[in-house]
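A.B. asks: Could you look at this predicted model? Sequence included:
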Amino acid sequence: MKKLLEQLKLRHAAAAANAYPSSEQVWAFCRDLVNWLFPEHTGRVMSGAELELYATQLEDRLKDLLTPMEGSLPQPAAATARLFMEQVPGIYTNLTKDAEAILQGDPAATCLYEVIRAYPGFYAIAAYRVAHGLHTLGVPLLPRVITEFAHDRTGIDIHPAAQIAPYFCIDHGTGVVIGETTVIGPHVKIYQGVTLGALSIDKTMAMNKRHPTIEEHVVIYAGATILGGDTVIGHHSIIGGNVWLIKSTEPYSRIYYKADGSIKVV
């Protein structure tokens with residue numbers, strides 16, 4: 001026990017030296033930002049003056065979260081918070097397009113209100129877009145905290161560094177994995193259990209592109225696995241359920257898994 005306590009003393013001292021805010025505070029900021037953009041989540045309706053004041057409060061909260069870790073930022077905490085809030089209009093625009101894509105892509109969706117309020121795909125994408133905005137500003141750790149909170153709630157695992165264009169639809173979503181260097185074009189739809197992952201590589205290749213590129217207007221059905229940084233799925237392709245791909249496909253391809261274990265390319 002004495003040896004353990006000595007080890008814990010060093011660990012706690014190291015944690016104190018890396019003064020990141022609590023995960024709950026980070027997630028609360030993301031949640032409140034999304035609720036401000038989409039009151040469908042809470043039913044709380046604000047006046048124009050309240051909306052403007054809340055924007056200022058959100059910026060101040062982000063600055064307070066970043067201040068203790070300022071030494072790890074490429075610019076001061078206040079400047080980072082300001083730059084992030086300048087991204088928020090673009091985040092909102094992309095999310096409205098994502099919600100519309102989910103509505104159009106799921107016959108069971110009755111209205112945008114339902115998509116925004118109840119769909120796990122929209123919830124996970126919203127967390128990703130907030131986290132990605134922070135990631136592009138060089139904020140360490142906090143973007144991953146945000147996407148992991150959404151992962152815990154929805155079963156959808158999106159790395160904040162992935163590059164995902166608007167009109168992105170995740171249908172059902174449980175078990176979806178989107179890796180760090182994935183690039184996804186506009187109007188892409190994926191179903192539950194899809195993995196956009198990396199081939200087994202050495203740790204020294206961590207900075208390389210390890211995950212696939214999905215071009216525009218691609219549909220990837222449930223259980224499909226697409227691996228590798230050199231793998232490109234051509235635009236307007238359909239990848240069938242349970243397909244395993246480690247090589248590129250031409251645009252307008254139809255890839256299906258056959259009962260004998262082979263893959264059919266149309």
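C.D. replies: That came through, no problem. Note that this is a predicted model, so its numbers are computed, not measured.
A.B. asks: From the chain's centroid, how far away is stretch 214-224?
C.D. replies: Mean-position distance between stretch 214-224 and its chain equals 16 Å (Cα atoms, centre = their mean, to the nearest Å).
A.B. asks: List the buried residues in it.
C.D. replies: For stretch 214-224, the neighbour count (16 or more other Cβ atoms under 10 Å) marks Ile214, Glu215, His217, Val218, Val219, Ile220, Tyr221, Ala222, Gly223, Ala224 as buried. (C-beta placed from N, C-alpha, C; glycine too.)
A.B. asks: So what touches it?
C.D. replies: By Cβ atoms under 8 Å, 6 or more residues apart in numbering, the residues outside stretch 214-224 that reach it are 165, 172, 182-196, 226, 232-245, 251.
A.B. asks: run the last query once more with 7 Å
C.D. replies: Here stretch 214-224 makes contact (Cβ atoms under 7 Å, 6 or more residues apart in numbering) with 184-194, 196, 232-243.
A.B. asks: rewinding a little: of the buried residues of stretch 214-224, closest to Val139?
C.D. replies: Val139 lies nearest to Ile214 out of those, by Cβ to Cβ, at 25.9 Å.
A.B. asks: From His211, how far out is Pro160?
C.D. replies: Separation of Pro160 from His211 (Cβ to Cβ, to the nearest Å): 13 Å.
A.B. asks: quick one, which of these two is more surrounded?
C.D. replies: Neighbour count, other Cβ atoms under 10 Å: between Pro160 and His211, His211 has more, with 26 against 23.
A.B. asks: List the contacts of that one.
C.D. replies: His211 makes contacts with Gly179, Glu180, Thr181, Thr182, Leu196, Gly197, Ala198, Gly229, as judged by Cβ under 7 Å, 6+ apart.
A.B. asks: Tell me which entries of the contacts of stretch 214-224 lie within strands.
C.D. replies: Ile184, Lys189, Ile190, Tyr191, Leu196, Val232, Ile233, Ile238, Ile239 (DSSP state E).
A.B. asks: ok, the third one - contacts?
C.D. replies: Counting by Cβ under 7 Å, 6+ apart, Ile190 touches Ile170, Val176, Ile220.
A.B. asks: what about it, distance to Asp171?
C.D. replies: From Ile190 across to Asp171, the span is 7 Å (Cβ to Cβ).
A.B. asks: one step back: which member of the contacts of His211 is positioned nearest Arg82?
C.D. replies: Closest approach between the contacts of His211 and Arg82, by Cβ to Cβ: Glu180, at 26.7 Å.
A.B. asks: Glu40 touches Val115, doesn't it?
C.D. replies: No - using Cβ atoms under 7 Å as the test, Glu40 is too far from Val115 to be in contact (8.9 Å).
A.B. asks: What ranges does the stretch 101-250 of the chain have for its helices?
C.D. replies: Assigned by DSSP state H, counting those that start in this stretch, the helices in the stretch 101-250 of the chain fall at 112-118, 120-136, 142-154.
A.B. asks: May I see the buried residues of the shortest one?
C.D. replies: When you say that, I think you mean helix 112-118. Using 16+ other Cβ under 10 Å as the test for burial, helix 112-118 gives Leu112, Glu114, Val115, Ile116.
A.B. asks: Turn those into CSV, including pLDDT and distance to Tyr256.
C.D. replies: Shown next, in CSV, are these (pLDDT from 0 to 100; distance: Cβ to Cβ, whole Å):
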residue, pLDDT, distance to Tyr256
Leu112, 95, 33
Glu114, 96, 32
Val115, 96, 29
Ile116, 95, 34
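A.B. asks: Go ahead and confirm Tyr252 touches His236.
C.D. replies: Yes - assessed by Cβ under 7 Å, Tyr252 is found in contact with His236 at 5.0 Å.
A.B. asks: Measure how buried Thr96 is and give me the count.
C.D. replies: Neighbour number of Thr96 under other Cβ under 10 Å is 15.
A.B. asks: how far out from the middle of the chain is the helix or strand hosting it?
C.D. replies: In the assignment (DSSP states H and E), Thr96 maps to helix 77-105. Counting by Cα atoms, centre = their mean, helix 77-105 is centred 12 Å from the centre of its parent chain.
A.B. asks: If you compare the directions of that helix and helix 120-136, what angle comes out?
C.D. replies: 150 degrees (axes from the mean of the first three to the mean of the last three Cα atoms, to 10 degrees).
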